[in-house]
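Peer 1: Show me the folded form of this:
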Amino acid sequence: MTADLTVLTHELSDWSTDIADLTLVSTDRSGSPDAGVPTLVVRARDVAEVQATARFASGHGIPLVTRGAGSGLAGGAVAGSGSIVLDLSGLDRILEIRPVDQVAVVEPGVITADLDAAAAAHGLFYAPDPGSVDISTIGGNIATNAGGLRGAKYGVTRDAVLALDVVLADGRLVHLGAGTLKHVTGYDLLGLMVGSEGTLGIVVGATLRLLPRPAATGTVAAYFGTLEEAAAASVAVRSCGARPSVLEIVDGATLGAIDDLAGTSLRERGEAFLLVQVDGLDVTAELAAVEAAIVGATHVESSVDPETSGRLLAARRLALPAIEAKGRALIEDIAVPPSRLVEAIRGVYAVAQDTRTTIHVFAHAGDGNIHPIILVDADAGAELPAAAVEAADRIFALALELGGTVTGEHGVGLLKQAWVARQAGPDVDAIQRAVKQLLDPAGVLNPGKAI
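Peer 2: The predicted structure follows:
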C-alpha cells in the first residue's frame, strides 16, 4: 500500500486490500468484462468516512466507484485497476418513518424489500418495485432511477425521492430537495442526481415518499398464442379505464425457462403471459374492466386472493433468474411509447432471426419498458460474440426509431455509452459533460460511466 493510501486508511474503520475482497467488489450483475483489480475497498460506516474517501480520491486523481449490492445490470459498479471501491452496503439503517407525513428517512444501504416491510407496519408501502427488490439497495435504485413491476401506476424511483443527502466529489455534504411533496426552490438538482449513476455525487441519505398500503388487490393472468397478441392485449388494458399497478408480459421461451427452474407448467397454457394487477379500496370495477379488455387469450385466471396474486407475481419475478440459469445473459433494457410496444417486440424478434441469436423477451408493458435478453454460450469467453453485439446494437437503434430510449431503468453504465450521444444529440451531450465537469472537476466519480 502506498504512503498516500495509508493516510486515508488511518481515517477508516473498515477497509481492505486483500485480493479476494477486491475481486469480489470489482464487478456487478451485468457480466461486464474484467476491468482489473481495484487498489482498495472502503466499507464506509458513517458519512464522515464517505467524505474522507471522496476528498482523498479527488485530491489524488484516483477513480472512485460507489457500490451497494452490486445488482446493477449495466456495468455501473464495475471498478478497474487503480480505483477505490466505496461500499455503502453497511450504511443500512432506516432512520425514521413518519406515518402522518408518509415519509421514510433511510441510509443508502437499506434493502428495498426491507423498507417496504418496515413501512407495512404503519399501513404504508414503498412503491418502487424493481425485480431485484430482495437484494438491491435504495442507493443503487436512486443511482439508476430504477423502475420495476409497479411502475405502471406508481412510477419510478425518482417519483418517490423527496430529498437526498449527497457527498460531492470534494467531500462537501449537501442536502437537495425537501421533505415535502411540493418543492420548487431553485433548480431541480435533486432530479439531476437521481439516475446519475454515482458520477455527480454520492448519496448517503434519502427522504422517501411512502403511500397508503392498498386494502385490496386483484390479479388477472392471461395466456396467448404469441407475445405480440399479449402486447396488444396490454395496450387494450391501458385503454380500458382501469389503472393497473402491474402490467407485465413474458414470452414463451421465458415461461419455459421458469418452468425448468421452478418446476411449474406455465408454458402449457400458452406462448405468452400477461399479468395484470389492480389495487385500491375496492378493485371490483377495475378488475371487471380489465377482464373485458382481454380478448383472444388461450387461458385466463382471475383472483382477489392475496396468496394467488403473490404466486403469480413470484413467477414473473423468476423471469431473469430463469434465463440466467440457461447461460450467460446480455440483459438489455429499452423503452418505447406503449402504443408502439407491438412494433418493438416484432422488431426484436426480427433482429433475433436476422442475427441468429437467442433472445428472450419480457416487459413492463404498462410503461413500454422492454427487456430483450440475449442468451450467449457460457463458454464463449469474456468477449461477446459478434452476433450478440450486432443484435444489441440493432435493438438500441430500433428503440430510437420508435421514439424510445436505449435504457429505461438499468442505466447506461459501461455497456451503452456509445449510444448516449446518439440519443441525446451533440448539444445535450455537451451540456451533460459540462455538468459533470462542474460537479466533479477531477473526474474521479465513477469515471467512464453514464455519459
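
Peer 1: what packs against the helix or strand containing A292?
Peer 2: Assessed by DSSP states H and E, A292 sits inside helix 284-293. Where contact means 3 or more C-beta pairs under 8 Å, 6 or more residues apart in numbering; DSSP states H and E, helix 284-293 is packed against strand 216-224, helix 227-238, strand 272-280, strand 299-303. In this view, the C-beta of every residue, glycine as well, is placed from N, C-alpha and C.

Peer 1: Partner strands of the first one and their direction?
Peer 2: With DSSP bridges as the test, strand 216-224 is paired with strand 272-280 (antiparallel), strand 299-303 (antiparallel).

Peer 1: what stretches of the stretch 251-400 of the chain score poorly on pLDDT?
Peer 2: Applying pLDDT under 70 to the stretch 251-400 of the chain flags the ranges 378-382.

Peer 1: tell me the pLDDT at G75?
Peer 2: Reading off the confidence values, G75 has pLDDT 88.

Peer 1: Helix, strand or coil: sort out the nearest residue to it once chain neighbours are set aside for me.
Peer 2: Leaving aside its sequence neighbours, G75 sits nearest to L414 (C-beta to C-beta, 6 or more residues apart in numbering; 3.3 Å). Three-state assignment for L414 (DSSP: H, G, I helix; E, B strand; the rest coil): coil.

Peer 1: L414 and G72 touch, don't they?
Peer 2: No. The criterion here is C-beta atoms under 8 Å, and L414 misses it with G72 at 10.1 Å.

Peer 1: neighbours around V235, how many?
Peer 2: Look at V235: counted by other C-beta atoms under 10 Å, it has 18 neighbours.

Peer 1: typo on my end, A424
Peer 2: Residues near A424, counting by other C-beta under 10 Å, number 14.

Peer 1: coming back round to it: between the helices and strands packed on helix 284-293, which one is closest to A257.
Peer 2: Comparison of those against A257 by C-beta to C-beta identifies strand 272-280 as nearest, at 12.1 Å.

Peer 1: Kindly export the closest one (C-alpha atoms) in CSV.
Peer 2: Below are the C-alpha coordinates for strand 272-280, written out as CSV (Å, rounded to 0.1, in the frame of the first residue of the first chain):
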residue,chain,number,x,y,z
ALA,A,272,-47.0,-15.7,-23.9
PHE,A,273,-48.2,-14.5,-20.4
LEU,A,274,-49.9,-11.2,-19.5
LEU,A,275,-50.0,-10.3,-15.8
VAL,A,276,-52.3,-7.5,-14.6
GLN,A,277,-52.8,-6.3,-11.1
VAL,A,278,-55.1,-3.6,-9.8
ASP,A,279,-55.2,-2.3,-6.3
GLY,A,280,-57.1,0.1,-4.0
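
Peer 1: Quick one: distance of the helix holding A292 to the chain centre.
Peer 2: Put simply, helix 284-293 sits 30 Å off its chain's centre (C-alpha atoms, centre = their mean, to the nearest Å).

Peer 1: got the contact list for that helix?
Peer 2: 218, 220, 233, 236-237, 239-244, 276, 278, 280, 300, 302, 304 (C-beta atoms under 8 Å, 6 or more residues apart in numbering).

Peer 1: Which of the residues you listed are buried, as a PyMOL select command?
Peer 2: To isolate the buried members of the contacts of helix 284-293 in PyMOL, using 16 or more other C-beta atoms under 10 Å:
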select buried, resi 218+220+233+237+240+242+244+276+278+280+302
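
Peer 1: A242 falls within a helix, correct?
Peer 2: No. A242 is assigned coil when assessed by three-state DSSP, not a helix.

Peer 1: so how far is L287 from it?
Peer 2: Going from A242 to L287 by C-beta to C-beta, to the nearest Å gives 8 Å.

Peer 1: that older thread, ok, and for the helix holding A292, which residues are buried?
Peer 2: Buried residues in helix 284-293, counting neighbours by 16+ other C-beta under 10 Å, are found at E286, L287, A289, V290, E291, A293.

Peer 1: repeat for stretch 400-411
Peer 2: L402, G404, T405, V406, T407, G408, E409, H410, G411.

Peer 1: For it, what is the spacing between the initial and final residues?
Peer 2: This stretch, stretch 400-411, spans 16 Å end to end (C-alpha to C-alpha, to the nearest Å).

Peer 1: rewinding a little: any idea which of the helices and strands packed on helix 284-293 gets closest to D21?
Peer 2: strand 272-280 (40.0 Å).

Peer 1: relative to helix 284-293, how tilted is that closest one?
Peer 2: Calculated by axes from the mean of the first three to the mean of the last three C-alpha atoms, to 10 degrees, strand 272-280 forms an angle of 160 degrees with helix 284-293.

Peer 1: P108 reaches G139, doesn't it?
Peer 2: Yes. With contact defined as C-beta under 8 Å, P108 reaches G139; the gap is 2.7 Å.

Peer 1: any idea which of the buried residues of stretch 400-411 is closest to N446?
Peer 2: N446 lies nearest to G411 out of the buried residues of stretch 400-411, by C-beta to C-beta, at 10.7 Å.

Peer 1: Could you name every residue contacting both of P108 and G139?
Peer 2: If you check P108 and G139 against C-beta under 8 Å, 6+ apart, the residues they both contact are G68, L88, L91, V203, A206.
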